[in-house]
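1. Provided below for reference: sequence and predicted model.
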Amino acid sequence: MEDKHEEKLNKAQERVIETLAKNMELYGITMSTGLLYGTMLFQDKAMTLDEMGEALGMSKTSMSTGVRTLMDLQMVDKIWKKGTRKDHYEVNLDWHQTFIDFFSLKWRAASEQNVHAMKKSRLELQSLLQNEELSEDLKARVERSITRIDNALAYYDWLSRFIDTMESHEIFELVPKDPVKK
């Protein structure tokens, strides 16, 4: 009877692991790294790279790459274990913080890259407007481009402030972690 219950537990966990891995792929995380994250999520103890490789039937090198990715995204932490020389890793169980860390890192990096390109282009367009030889049509197109860039820069300013509210946890004042029960 216990085996039947164990089988149901494993099936339920495997469903969650596979679904998480598929969803993580949407955010640029490989399926194998997603499977690693899901597998680690259901462990009752921190795991070594060898244990991860054994659990997933993958190489230690693949596990190392996956763990490094998850650590960079602050989804997994390296922990110290007394009496062993091997590194151990465990999942950060605070999903709210994991979301904040993941999206803050991705959004801020992309945002800063876009803002830099837009500001450079805006300066070039402003300089182009100083040219007296511009036709009225080209001048109007340059001005429209500047307006569109200004709108985009306003959006990226908003996005930066939004990221700040997530990182400071002010977001939870607007959208509480636990919904108010009625």
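-> Thanks, I have it.

2. which elements pack onto the helix or strand containing Met40?
-> Element membership for Met40, per DSSP states H and E: helix 31-41. Counting contacts by 3 or more CB pairs under 8 Å, 6 or more residues apart in numbering; DSSP states H and E, helix 31-41 packs against helix 2-25, helix 49-56, helix 60-72, strand 88-91. In this view, the C-beta of every residue, glycine as well, is placed from N, C-alpha and C.

3. can you list contacts of the last one?
-> The list of residues contacting strand 88-91 from outside it, by CB atoms under 8 Å, 6 or more residues apart in numbering, reads 37, 40-41, 43, 45-49, 52, 67, 70-71, 75-81.

4. average pLDDT for that strand, rounded please.
-> For strand 88-91, the mean pLDDT works out to 95.

5. same thing with the first one?
-> Mean pLDDT, computed over helix 2-25, is 93.

6. rewinding a little: any of the contacts of strand 88-91 buried? List them.
-> Tyr37, Met40, Leu41, Ala46, Met47, Thr48, Leu49, Met52, Val67, Leu70, Met75, Val76 (16 or more other CB atoms under 10 Å).

7. contacts only, for the fourth one.
-> Contacts for Ala46 (CB under 8 Å, 6+ apart) come out as Ile79, Lys81, His88, Tyr89, Glu90.

8. repeat that for Leu35.
-> Contacts for Leu35 (CB under 8 Å, 6+ apart) come out as Ile17, Glu18, Ala21, Leu56.

9. apply 7 Å and report the result again.
-> By CB atoms under 7 Å, 6 or more residues apart in numbering, the contact set of Leu35 is Ile17, Ala21, Leu56.

10. count the residues that sit near the last one.
-> Pointing back at Leu56 there. 18 (other CB atoms under 10 Å).

11. please apply the same query to Arg141.
-> Arg141, neighbours per other CB under 10 Å, totals 13.

12. on that earlier part again, got the helices and strands packed on helix 31-41 as a markdown table, with distance to Gln97 columns?
-> Formatted as a markdown table, the helices and strands packed on helix 31-41 follow (distance: least, CB to CB, whole Å):
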| stretch | distance to Gln97 |
| --- | --- |
| helix 2-25 | 16 |
| helix 49-56 | 22 |
| helix 60-72 | 14 |
| strand 88-91 | 12 |
